[in-house]
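> Kindly generate the corresponding structure for this input.
(2 chains)
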Amino acid sequence: MRFARALVQPLGAAAIALAASAALLALIGADPFAALGALANGALGDRIALENTVVRMGPLLLVGLGVALSFRCGIWNIGGEGQLYVGALAATALVTRGLGPDPGAVSLPLALCVGACTGALWAGIAALLRVRRGVSEVLSTILLNFIAVLAVAWAVHGPLQEASGAYPQSDAFPDLARLALLPGLRRVHAGLVLAAALPLAIWVLLFRSSAGLRLRAVGLSPDAARYARVSPERETTRVLVISGALAGLAGAIEVCGVTGRLFENLASGYGFTAVAVALLARLNPLGVLPAAFFFAALASGSGAMQRVAAVPSVAVQVIEALVIFFSVSFALPKSGAR
Amino acid sequence: MIDAATLLLVLSTIRLATPLALAAMGELVAERAGVLNVGIEGMMLAGALAAFATGTATGSPLAACLAGIAAGVALAALFALFVLRRQADPIVSGTALNVLALGLTGVVFRSLNPAGTALARAPQMGELAPGLNVFVGIALALVVGVALFLGRTRAGLALRAVGERAEAAHAQGVDVARLRWAAVLFGGACAGLAGSALVLWISDTFVEGMTSGRGFIALSLVLFGGYRPLRIVAGALLFGAANALQFRLQAAGSTIPYNLLLMTPYLLTLVVLALFAGRARAPADLARPFSPRE
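Numbering: from 1, shown residues only, chains lettered A, B, ... in the order given. Modelled structure (predicted):
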C-alpha cells in the first residue's frame, strides 16, 4: 500500500506537469503532441539518443542524491550547480596543470577524488556560515553558485585556457585521465556505473545506519534531536559536506567522462534540475534513479523538440518547475520521515 | 566641490541601488507578514520581460512599467496559491517559481524575437528632475510609505502581528490569510517594478536571466537591514556603490579579469550576511504555515 502510494504520487505529478505543459504549448501556438513527440523521440528514439540520455543522467543523479540527502536533514542545499562547477574546475586544474607530463594511471582516480573534495569544501563554506554565523544555506549556496560559475569563466579565459589560446576552454584531457567507454557503447562511460551504485549506498546510509537516523532526526525536529544528544550543527555540516562531495564528483565525472575538457556553461541549470529530481523521487535515494532518468530524457530531448517542433528548448524548464510544484503540493514526506 | 567623475559614480550608485531597494521593500513587507518569498528573483525576471514586451509593442514606458508590475503580481499569486493555500514549503515553492520564470521568460522571449532578428529597444522612463529618474522617485516614496505603514498604521501593526504571532493575531480577529495574501501580492508588485526598472532604465533591452541574482541580493538586504526600511536602503546603496566601482574598474581597463570583478556583489553579499545575518531577529512566525483552528 505504502509502496503503491510512493509510485502513484510521483507518476501523477509528472503526468500533470506534462499535461499542463502541453496546454501551455498549445497556448503559445505550438502543436503540443508534435512537440512532446519530438521530445520523446529525441530522448529515447534510437540507440544514440538513449545513450545520450543515460549520459545526461549521471550529474543529475549525483547532484539529486545530494539534494535528497540534505532535504531529509532539513537543509536546503540549492548549490549543487556551484559545487559541480568547482569539482570540475579542480579536476581540470589537476589534470591539465597539476600533474606532470607523464602522470600515469593515478591521474583519473586522483581527479575524481579532488573533484569530490573540492565540492565538499565549497559546500563546507555554506555549512560554516550556517553553523557559526547563522546564515541561511538557501542564500549562501545560491550566492556560491554565481561565484563558482564566474570562477570557471575566469579560469578558462585565464590560467587554465588551452595552450593555443584559441577558445575559452581548457586543454583536452589526456586519455589516461578520461573515463573509458563501456564495451560496445559509444557514449556511456564507466563513471555512470559508479554513479548508478551510489543511490543504494546513500539509501543504506540514510535508512540502515545510525548516522542516517541522526540525520533524519535533525530533519524531523532539531530540538528533539538535540534532546537526544544529536548535534544539529554537526549533522548540518556533515550532510552539506556529503552532498557537496557528490556534486563535486559529478563535476569531475563530467569533465573526465563526457566533455574531456572544461568550458563555460558546462552544466548550467543542473543545480535546479537536481532539486526537481530529488522532489520527484520524494527524497528517496533509490527513487532518484528513475527521477534522474526522467529529467535527463527531458533535457536530451529538448534539442530535438526545438529542431522539429520549433519550441524553444528552455520550455523544458517550465516542465521542471511544474513537476516541483505538483510534487510539493502532493504530501511530501516530512523531511526526516520515511 | 565634487568633480565630474565622483558625481558620475554617485549617480551610477543610485541607479544600481534602486532596483535592489524596490525589490527589497516588497520582500520586507512579505517577510514582516511571516511569508518567506524566495521567488522574487523569478518575479523580477517576469517583470523585466513583461516591461520589455509591452514597452517595445506600445512605446509607452508607463504601460511597460504597469505590465511589469502585473507580471510580478501574477507570479506572486501562483506562489501564494501553493504556499498559503496548499501550505507547500516556501523554499521549495520559491525555487520552483524561479525555475518557472527562467523557462517561461525564455520561451516567450524567443518566440517574440526569433534568432537572427534585430532586437527592439525598450522605451526609457524619463526624469522627474535633472538627475532624478522616475524610478528613484518611486523608490523613495515606496521606502517612506512602507516605513510609515509598518510603523505608524493599524494595518501595519496587524501585519506585523501576523508575522510575529499568527495565532494571537487571529484570536484578535485579524484575517491572517488575507493579510498574508496581500503582503505576498505587494511583494510581487515591487519585484515586478524592480524588473521593469532593469529594462526601462538600467538597460534598454531584455536578456535571458538578466536579473542575475539581484532577487537573492535583495533577500539578503532584508536580513542585512535587520527588517528595517531605512537600513535596507543603506544596504542597497552599499551594493550600488560596490557595483558602480566594479563597472568603473572594468571600463577603465583594469588588469583584474572582469569575471573576478563580476563576483564582487555575490562575495560582498556573503561577507555582509556572515557579519550581520546572525544578529537580525526574524519575525517569529516567518515561514510557518497558519491554519485557523475552529
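> my read: A:L99 touches A:L108, true?
No. Between A:L99 and A:L108 there is no contact, the gap being 10.6 Å when judged by C-beta atoms under 8 Å. Placement of C-beta: from N, CA and C, glycine included.
> ok, the two, which is more surrounded?
Counted by other C-beta atoms under 10 Å in any protein chain shown, A:L99 and A:L108 do not tie: A:L108 has more neighbours, with 25 against 18.
> quick one: that one from B:L262, how far?
Remark: distance between A:L108 and B:L262 (C-beta to C-beta, to the nearest Å) = 33 Å.
> ok, back up a step: any common contacting residues for A:L99 and A:L108?
Common contacts of A:L99 and A:L108 (C-beta atoms under 8 Å, 6 or more residues apart in numbering or on different chains): A:A177.
> Spatially nearest residue to B:S254, not counting backbone neighbours?
Among residues not flanking B:S254 along the chain, B:L261 sits closest, at 7.1 Å (C-beta to C-beta, 6 or more residues apart in numbering or on different chains).
> Helix, strand, or coil at the one you found?
Classification of B:L261 using DSSP: H, G, I helix; E, B strand; the rest coil returns helix.
> tell me how far the ends of stretch A:172-182 are from each other?
Stretch A:172-182 has an end-to-end distance of 20 Å (criterion: C-alpha to C-alpha, to the nearest Å).
> Spell out which residues of the stretch 151-294 of chain B are next to chain A.
Applying C-beta under 8 Å from any C-beta of the partner chain, we find that the stretch 151-294 of chain B lies next to chain A at B:208, B:212-213, B:216, B:219-220, B:223, B:257, B:259-260, B:262-263, B:266-267, B:269-270, B:273-275, B:277-278.
> Go ahead and confirm A:V255 touches A:Q169.
No. With contacts defined as C-beta under 8 Å, A:V255 does not count as touching A:Q169, sitting 10.7 Å away.
> could you measure the residue in the stretch 151-300 of chain A positioned nearest to chain B against B:Q250, distance?
As assessed by C-beta to the nearest C-beta, chain B sits closest to A:W154 within the stretch 151-300 of chain A, at 3.7 Å. Taking C-beta to C-beta as the measure, A:W154 falls 13 Å from B:Q250.
> Pick out whichever of these two has more residues nearby.
Legend: neighbour count by other C-beta under 10 Å for A:W154 and B:Q250, higher for A:W154 (22 against 14).
> per-residue confidence at the more buried one?
pLDDT, A:W154: 96.
> can you check the one 5 residues further on too?
According to the model's per-residue confidence, A:P159 sits at a pLDDT of 93.
> go on, the one 10 residues further on?
Each residue has a pLDDT score; the one for A:Q169 is 94.
> Same question for the one 10 residues further on.
For A:L179, the pLDDT comes out at 92.
> which residues touch it?
Contacts for A:L179 (C-beta under 8 Å, 6+ apart) come out as A:108, A:189-191, A:253, A:256-257.
> Only the buried subset of these, as a ChimeraX command please.
In ChimeraX, a selection of the buried entries from those looks like this (16 or more other C-beta atoms under 10 Å in any protein chain shown):
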select /A:108,189,190,191,253,256,257
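> all strands of the chain, in order?
If you meant another chain, say so; for now it's chain A. Counting by DSSP state E, one finds no strands in chain A.
> Hmm, no, I was thinking of chain B.
Counting by DSSP E, chain B has strands at residues B:127-129, B:132-133.
> Out of the ones you listed, flag the one nearest A:L279.
A:L279 lies closest to strand B:132-133 among the strands of chain B, at 41.5 Å (C-beta to C-beta).
> Describe which strands that closest one pairs with in its sheet and in which direction.
Using DSSP bridges, the strands paired with strand B:132-133 are strand B:127-129 (antiparallel).
> buried set for stretch B:70-79?
The neighbour-count check on stretch B:70-79 (16+ other C-beta under 10 Å) flags B:70-76, B:78-79 as buried.
> Export the residues you listed as TSV, with columns for distance to A:I147 and pLDDT.
Output for these, formatted as TSV (distance: C-beta to C-beta, whole Å; pLDDT from 0 to 100):
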residue	distance to A:I147	pLDDT
B:A70	34	98
B:A71	29	98
B:G72	27	98
B:V73	32	98
B:A74	32	98
B:L75	27	97
B:A76	28	97
B:L78	30	95
B:F79	27	95
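> Among those residues, which one sits closest to chain A?
Relative to chain A, the closest of those is B:L78; by C-beta to the nearest C-beta it sits at 8.2 Å.
> measure A:E51 to A:M57 for me?
Going from A:E51 to A:M57 by C-beta to C-beta gives 10 Å.
> same deal with A:F294?
Distance, A:F294 to A:M57, by C-beta to C-beta: 9 Å.
> those helices in chain B, which residues are they?
For chain B, the helices defined by DSSP state H cover B:4-32, B:40-58, B:61-80, B:90-112, B:134-152, B:154-164, B:166-171, B:176-197, B:214-224, B:229-251, B:258-262, B:264-276.
> Need those helices in CSV (columns: distance to A:V241).
As requested, these are exported to CSV (distance: least, C-beta to C-beta, whole Å):
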stretch, distance to A:V241
helix B:4-32, 30
helix B:40-58, 27
helix B:61-80, 31
helix B:90-112, 20
helix B:134-152, 40
helix B:154-164, 34
helix B:166-171, 36
helix B:176-197, 34
helix B:214-224, 23
helix B:229-251, 30
helix B:258-262, 26
helix B:264-276, 18
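> between the ones you listed, which gets nearest to A:G303?
Shortest distance between A:G303 and the helices of chain B, using C-beta to C-beta, is found for helix B:90-112: 13.9 Å.
> does chain A sit close to the closest one?
Yes. Remark: helix B:90-112 sits within contact range of chain A at B:91-93, B:95-100, B:102-104, B:106-108, B:110-111, by C-beta under 8 Å from any C-beta.
> Can I get the buried part of those residues as one PyMOL selection?
Command for PyMOL that selects the buried part of those, burial taken from 16+ other C-beta under 10 Å:
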select buried, chain B and resi 91+92+93+95+96+97+98+99+100+102+103+104+106+107+108+110
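> so what's B:V108 closest to, chain neighbours aside?
Distances taken as C-beta to C-beta, 6+ apart put B:L49 closest to B:V108, at 6.3 Å, once the chain neighbours are dropped.
> any idea how far that neighbour is from B:G106?
Distance of B:L49 to B:G106, computed by C-beta to C-beta: 9 Å.
> and A:G260, what is it in contact with?
A:172-173, A:178.
> how about the residues of the stretch 201-338 of chain A that lie near chain B?
Proximity of the stretch 201-338 of chain A to chain B, by C-beta under 8 Å from any C-beta, involves residues A:269, A:272, A:275-276, A:279, A:311-312, A:314-322, A:324-325, A:328-329, A:332.
> Filter the residues you listed down to the ones in helices?
For those, membership in helices holds for A:272, A:275-276, A:279, A:315-322, A:324-325, A:328-329, with DSSP H as the criterion.
> Go through the residues you listed and say which is closest to B:G163.
Taking C-beta to C-beta as the measure, B:G163 lies nearest A:V328 of those, at 22.5 Å.
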